[in-house]
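Q: With the sequence up front, the predicted model follows.
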Amino acid sequence: MLVTIKEPRSLIAETYRTLRTNVSYASIDKPIRTLLITSPEPGDGKTTTICNLGVVLAQNGKKVVIADCDLRRPRVHTYFGLPNRQGMSTLFAHNDIVPGVLKSTPVEGLTVITSGSLPPNPSELMGSQKIKTIFSTLLETADIILIDTPPTLTVTDAATLAPSLDGMILVVRPGITRTNALKQTLEQLRQVNARVLGIVLNDVPTKGNPYGYHYNYYHNYSAYKDYYEEKVVEKKGK
């Protein structure tokens with residue numbers, strides 16, 4: 001759900017604006033212009049997070065491109081009600097940005113590149129020089145590119161692409177995302193020298209919150225680990 005469009009004054013929308021601020025200050029000397037958002041496992045909320053973050057960044061005056069690089073199970077187009085006939089996979093077969101691939105949205109400044117038809121070799125495409133050229137071309141007119149990929153433990157796409165980007169954020173769900181899955185993901189990303197900027201906690205229950213959940217953002221794993229393991233123990237003890 002694009003809560004940042006449908007309910008812009010809600011608590012949840014405000015937490016996305018907080019995430020926007022965190023991303024903006026993640027690197028002072030070199031602004032983040034290519035940001036990958038993914039998760040250790042399916043169902044953690046990575047696509048919901050990336051689409052809503054794209055909205056609030058554009059609402060703040062940024063020229064934003066959301067690129068759906070999940071060339072296995074794409075979902076970005078469903079959030080914005082866009083056709084998916086052409087997209088990222090189309091660009092790999094052309095030397096220029098093909099008309100119609102950059103799709104407009106109701107939010108001024110926000111455009112989307114859907115996945116397009118699903119290719120047989122997504123991991124090879126994510127590690128190619130071609131995708132770097134595509135992003136470089138897009139950055140001639142965009143302030144930031146938000147990149148959605150499959151979960152890290154499902155396939156190697158995110159780990160293959162991450163080292164060439166300015167940073168990445170992991171989305172997890174306390175009590176759902178397995179601790180070992182997060183540890184394995186972080187180790188995998190460390191081995192490829194990916195720059196993990198932080199961790200978003202999705203679907204965190206809170207007392208007195210009419211929406212029933214909110215988002216937290218941690219800049220380091222140790223802070224998240226303490227919170228996460230405490231909540232898991234608490235949940236198991238009930």
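A: Everything's here; your move. Numbering: from 1, shown residues only.

Q: okay, CA-based contacts and neighbour counts for the rest of this
A: Fine.

Q: Now do the SS call for the spatially most central residue of the chain.
A: In the chain, the centroid-proximal residue (CA atoms, centre = their mean) is Ile37; its distance is 2.4 Å. Judged by DSSP: H, G, I helix; E, B strand; the rest coil, the three-state class of Ile37 is strand.

Q: Kindly report the same for Val112.
A: Relying on three-state DSSP, one would call Val112 strand.

Q: Can you tell me the closest non-neighbouring residue to Gln188?
A: Once flanking residues are discounted, Gln188 sits nearest to Ala159: 7.2 Å by CA to CA, 6 or more residues apart in numbering.

Q: Run a quick neighbour tally on that neighbour.
A: Counted with other CA atoms under 10 Å, the neighbours of Ala159 add up to 24.

Q: Please pull out the lowest mean pLDDT helix or strand from the chain.
A: Lowest by mean pLDDT, DSSP states H and E among the helices and strands of the chain is helix 221-237, with a mean of 44.

Q: Contacts only, for the nearest residue to Val3 once chain neighbours are set aside.
A: Nearest residue to Val3, sequence neighbours excluded (CA to CA, 6+ apart): Ala13, at 6.1 Å. Taking CA atoms under 8 Å, 6 or more residues apart in numbering as the criterion, Ala13 is in contact with 3-4, 7.

Q: quick revisit: okay but the residue nearest to Gln188 is in contact with Asn193, surely?
A: No. Ala159 is beyond contact range of Asn193, at 9.2 Å (criterion: CA atoms under 8 Å).

Q: Okay, Val198 and Ile5: tell me how far apart.
A: No Val there; residue 198 is Gly. Distance, Gly198 to Ile5, by CA to CA, to the nearest Å: 24 Å.

Q: When those two are compared, which one has more neighbours?
A: More crowded of Gly198 and Ile5, by other CA under 10 Å: Gly198, with 20 against 15.

Q: now the top strand by length along the chain: mean pLDDT?
A: The longest strand of the chain (DSSP state E) is strand 196-204. Here strand 196-204 scores 83 as its mean pLDDT.

Q: If you count neighbours, what's buried in it?
A: Using 16 or more other CA atoms under 10 Å as the test for burial, strand 196-204 gives 196-203.

Q: Look at His94 and say how many residues are nearby.
A: 11.

Q: so which strand or helix has Thr48?
A: helix 46-59 (DSSP states H and E).

Q: Name the surrounding residues that touch that helix.
A: Defining contact as CA under 8 Å, 6+ apart, one finds that helix 46-59 is touched by 1-5, 16-17, 19-20, 37-39, 63-66, 75-76, 79, 107-110, 146-148, 170-171.
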